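1. Here is my input; please provide its structure:
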Amino acid sequence: MTKTRAIPALCILITMCAQVRASTTATWEMNGYRDFLPGRFDGVLLSQEGHLALAPKLDTLFASGQPIVWSVAQAPDGTIYAGTGHRGSVYRISLSGKSSLEWTADQSEIFALAVDAKGVLYAATSPDGKIYRIENGHAGEYFAPGVKYIWSLAFSPDGALYAGTGTDGKIYRIESAGKGQVYYETGQAHVTCLAFDRNGNLLAGSEPNGIIYRIAGQGKAFALYDASLPEIRRLVPMPDGSVIAAAMGGSLARRTLGGVPSQLGVPGSVSVSATSTSVTVEAQAGVEIKPKPEAEKAPAAQTAIAAASQVQMIETPGVEKSAIYRINPDNTVETLWSSKDENVYDVLVADGGPGEGGSFSGGRVFPNKRLIFSTDQQGRIYSLDSRGTATLLAQTNEGEAIRLLAGRSGMLVATGDAGKLYRLASQPGASGSYESPVHDAGGVARWGKLSWRGGRVDGGRVRFRTRTGNSLRPDNTWSDWSEPLTIPGGSPVGSPNARYIQWKAEIGADAASLDGVTLAYLPQNTPPVIRSITASSVAAFAGAAKTAAQSQSASAAYSITVTDSGDAGPTPSAGTPTQNLTRPGSDQIQIAWQAEDADGDRLVYALYFRGENEHEWKLLKANLTENSYTLDSDAFADGKYCFKVTASDSPSNPPETARQAELVSAPVLIDRTPPVVTIGTPKSDGSRVEIAVDAVDAASALRRCEYSLDAGPWIPMSPVEGIVDSPRESFVVKLDNLPPGEHLFVVRAVDSANNAGLAKTVVR
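-> As a prediction, the model looks like this:
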């Protein structure tokens, strides 16, 4: 008995919980990798387990003052070189960060740099693709293949220089100054990257079909892999013979700049400008660059930026943007990482931190090695473990992290949006912060407590601040960051009530990690909305008439009376009764409405009416839970009425916070009385008969009047004033050439409510 009663009680409790959802406290919880990833990181990393902790220290080593650093290289003595766009400069940077301008090209882009075994620098320029040899600050033309772009440079073990070009997709081998030849033609538009494997074979990546080639000799190649993504960005040979490949551009449609079709690969946030040339962007790193006529050229050092154009990226959401593949020695391929949100720009294998390792090549483990890659999502740098799980190591908060270089004093990151070189140290910084994504409470909310958990986050080592506003993006209309919240178990939020909120965690050196954050708030109750009210007539046929007809039919059977003599008696006469045609019973009026509540609250309704020239609303029905109500039209006299519906979310909210809405219908005409038709005495004049007709309706205007002669078709009648539009109309019907005899003349008048009034006369 007890168990039986407990089940209904539980159902009632569940129902009550569902009903009061809007009035209960809501929570915004952030737990794990996917929740934290969309935020903004500053000196904070995000582990694959979803822990926020201090990141390796990230310092700005060099700022070029130009939009982008396309290429980086390091000499044997540790000197770092950086090639920039869109002024075509090469900078020399020491390990301490001291920099100087090494050389400025007469072209706008330096897409590739390479350093030979002797420390001599080689730079590839575009859009007039040439290779320059730079030594002791002096540059000389080394090789001019006569192509538009040179995307990649690589030295072979025998000291020859190889160049990947576009738009012809050729690879050149250059043995000395001015001496070079085509080594392989890919048939693709662009050769985007080059590398040499452990056997000395040349590896090449291409665009737009994303094919990876292994070239064993001049004109001899094998396609290692045909990726589903259009552009191969980077190739990293591994010691066991496998190859790590980074590919991107899967969600990007081809775009144009200045009307010129472009290729994939330019960072979307980098604006392309011109110095000594007119620049449009096309290819691997992004540019189709059209040189001006020679007469218009000026020395690059003396020419300011002449124009700037924003590259328009057309993305298809929900498809794979980029991926990192491992091509094993047996040519099988594994996808180590992929993303629908970020484009990968570069990848390298670097020394790992304490306890870090990886199995990035054929299942073999290389101790203290890890796979590092960079993306276009606020210039992020990730590390990848052997399970294919990414850890966000650092975020430069630039548009893109274009290039990575494993430098002597730490990893170097070249960025776009602001052309800088960042140095990522192996040790964590002293402090960092993390800004959460903006949370939408759905309406103005009252904030409760913010609580968090993690390893050693007590004692003020993690401090939280909040800010709120009523615009989706934080701007100057938002509140300032609040005073620090320091109680992990729950600190009251002091920011103003608003629709949107954001929190920031400030992590000190003593904090091990931050694992989860919960914010409690009470949403403002949103009032319901009534969208529409409609009134319709529903005919209710008289059931009694139907029953009577059935009874009459059943009693029509013959009966026989037998006398005591055995003779049949006389048959009685049943007569011939008049047949009654059934008529609809009393009409019913159905009032229906559409209502909704943004909070999902259960609604209760009340229905009112008010007649024309009346001042007060009269209640028809309260506590309605359905969205319609049917009533007998006989309760209303003919006339115009308005109906009002009120909707309340009181079943789901306390009385003090319940909200109500109302809507008044358009006037509804109730008219059940047909027009009165009066037919005058027919007047005969030879073969013509004239009949005067009057039609009057007490409640509404007439809409149609017509007559029928001898049960023939209905013929419209034209009133004396010309238009049937008033409650009273007069007509004169002229009948010509009537045949001799008696004729039935019937008039029908129809009012605005479709009531029909009829009258007849006999014309002789």
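
2. From the chain's centroid, how far away is stretch 694-702?
-> 58 Å (Cα atoms, centre = their mean, to the nearest Å).

3. same question, stretch 148-159
-> 42 Å.

4. Pull out the buried residues from that stretch.
-> Going by neighbour count (16 or more other Cβ atoms under 10 Å), the buried part of stretch 148-159 is 148-155. C-beta here means a position set from N, CA and C on the backbone, and glycine is covered the same way.

5. what does stretch 169-188 give?
-> Neighbour-count burial for stretch 169-188 [16+ other Cβ under 10 Å]: 169-174, 180, 183-184, 186, 188.

6. isn't residue 106 right up against residue 88?
-> Yes: between residue 106 and residue 88 there is a contact at 7.3 Å, judged by Cβ atoms under 8 Å.

7. Can you pick out the residue with more neighbours from these two?
-> Taking other Cβ atoms under 10 Å, residue 106 and residue 88 do not tie; residue 88 has more neighbours (24 against 18).

8. Excluding chain neighbours, what is closest to the more buried one?
-> Closest residue in space to residue 88, ignoring its immediate chain neighbours: residue 105 at 3.8 Å, by Cβ to Cβ, 6 or more residues apart in numbering.

9. so who does that neighbour touch?
-> 88-90, 123, 125, 132, 139, 300 (Cβ atoms under 8 Å, 6 or more residues apart in numbering).

10. Same list (those residues) but as a markdown table, adding pLDDT and distance to residue 738.
-> What follows is these, written out as a markdown table (pLDDT from 0 to 100; distance: Cβ to Cβ, whole Å):
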| residue | pLDDT | distance to residue 738 |
| --- | --- | --- |
| 88 | 92 | 105 |
| 89 | 95 | 109 |
| 90 | 96 | 112 |
| 123 | 97 | 111 |
| 125 | 96 | 106 |
| 132 | 97 | 113 |
| 139 | 92 | 116 |
| 300 | 34 | 107 |
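
11. For the closest residue to residue 210 other than its chain neighbours, report the pLDDT, please.
-> The shortest distance from residue 210 to any non-neighbouring residue, by Cβ to Cβ, 6+ apart, is to residue 227 (3.7 Å). pLDDT recorded at residue 227 is 94.

12. Just the CA trace of stretch 498-508, in CSV.
-> Taking C-alpha atoms only, stretch 498-508 is exported to CSV below (Å, rounded to 0.1, in the frame of the first residue of the first chain):
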residue,chain,number,x,y,z
ALA,A,498,22.0,42.0,-16.4
ARG,A,499,21.4,39.5,-19.2
TYR,A,500,25.0,38.6,-19.9
ILE,A,501,27.9,37.8,-17.6
GLN,A,502,31.5,36.8,-17.9
TRP,A,503,34.1,35.8,-15.3
LYS,A,504,37.9,36.0,-15.2
ALA,A,505,40.2,33.7,-13.2
GLU,A,506,43.5,35.1,-12.1
ILE,A,507,45.9,32.2,-11.4
GLY,A,508,49.0,32.7,-9.3
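
13. in that stretch, what counts as buried?
-> Buried residues in stretch 498-508 (16+ other Cβ under 10 Å): 498-507.

14. ok, so of those, who is nearest residue 699?
-> residue 499 (51.1 Å; Cβ to Cβ).

15. contacting residues for the closest residue to residue 431 other than its chain neighbours?
-> Nearest residue to residue 431 in three dimensions, chain neighbours excluded: residue 508, at 5.5 Å (Cβ to Cβ, 6+ apart). Applying Cβ under 8 Å, 6+ apart to residue 508 gives the contacts 430-431, 460-463.

16. lowest-pLDDT helix or strand in the protein?
-> strand 256-257 (a mean of 27; mean pLDDT, DSSP states H and E).

17. pLDDT weak spots in the stretch 151-300 of the chain?
-> Residues of the stretch 151-300 of the chain meeting the criterion pLDDT under 70: 251-300.

18. got the residue ranges for the helices in it?
-> Counting by DSSP state H, counting those that start in this stretch, the stretch 151-300 of the chain forms no helices at all.

19. what's the spacing between the residue lying closest to residue 200 once chain neighbours are set aside and residue 708?
-> The shortest distance from residue 200 to any non-neighbouring residue, by Cβ to Cβ, 6+ apart, is to residue 157 (5.3 Å). Distance, residue 157 to residue 708, by Cβ to Cβ, to the nearest Å: 109 Å.

20. Likewise for residue 434?
-> On the measure of Cβ to Cβ, residue 434 and residue 708 end up 87 Å apart.

21. quick one, which of the two is more surrounded?
-> residue 434 (25 against 16).

22. Kindly provide the distance from the residue nearest to residue 761 when sequence neighbours are not counted to residue 729.
-> Leaving aside its sequence neighbours, residue 761 sits nearest to residue 679 (Cβ to Cβ, 6+ apart; 4.6 Å). Separation of residue 679 from residue 729 (Cβ to Cβ) stands at 13 Å.

23. higher neighbour count, the two?
-> Neighbours per residue (other Cβ under 10 Å) separate residue 679 from residue 729, with residue 729 holding more: 23 against 19.

24. Contacts only, for the more buried one.
-> 694-695, 702, 705, 719-721, 749.

25. Report the buried residues of the strand or helix carrying residue 534.
-> Using DSSP states H and E, the element containing residue 534 is strand 529-541. Judged by neighbour count using 16+ other Cβ under 10 Å, the buried positions of strand 529-541 are 530, 533, 535.

26. Please tabulate those residues in JSON lines, including the columns pLDDT.
-> Listed next are the buried residues of strand 529-541 as JSON lines, based on pLDDT from 0 to 100:
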{"residue": "530", "pLDDT": "95"}
{"residue": "533", "pLDDT": "94"}
{"residue": "535", "pLDDT": "89"}
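
27. Reformat those as JSON lines; add distance to residue 110.
-> Output for the buried residues of strand 529-541, formatted as JSON lines (distance: Cβ to Cβ, whole Å):
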{"residue": "530", "distance to residue 110": "66"}
{"residue": "533", "distance to residue 110": "70"}
{"residue": "535", "distance to residue 110": "76"}
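
28. before we move on, back to that, list the contacts of the strand holding residue 534.
-> Contacts of strand 529-541 (Cβ under 8 Å, 6+ apart): 582, 584-598, 630, 633, 643, 645, 647, 661-665, 668.

29. can you do 7 Å?
-> 584-596, 630, 643, 645, 647, 661-663, 665, 668 (Cβ atoms under 7 Å, 6 or more residues apart in numbering).

30. Let me see the ranges of the helices in the stretch 501-650 of the chain.
-> Counting by DSSP H, counting those that start in this stretch, the helices of the stretch 501-650 of the chain are 543-554.

31. Any stretches of it with poor pLDDT?
-> Using pLDDT under 70, the stretch 501-650 of the chain drops low at 511, 539-574, 576-586.

32. Please, where are all the strands along it?
-> 516-523, 529-541, 584-596, 604-611, 618-624, 628-632, 639-648 (DSSP state E, counting those that start in this stretch).

33. How far does the third one sit from its chain's centre?
-> In this view, strand 584-596 has its centroid 40 Å away from the chain centroid, taken as Cα atoms, centre = their mean.

34. close enough to count as contact, residue 695 and residue 675?
-> Yes: Residue 695 is in contact with residue 675 according to Cβ atoms under 7 Å; the separation is 5.1 Å.

35. hmm, back to that, so can I have TSV of the buried residues of stretch 169-188 showing distance to residue 688?
-> Formatted as TSV, the buried residues of stretch 169-188 follow (distance: Cβ to Cβ, whole Å):
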residue	distance to residue 688
169	99
170	103
171	107
172	109
173	114
174	115
180	113
183	111
184	107
186	101
188	97
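
36. Narrow the residues you listed to those in strands?
-> 170-174, 180, 183-184 (DSSP state E).

37. Distance check, the residue nearest to residue 200 against residue 714.
-> 104 Å.

38. Check for me that residue 651 belongs to a helix.
-> Yes: looking at residue 651 with DSSP: H, G, I helix; E, B strand; the rest coil, it is inside a helix.
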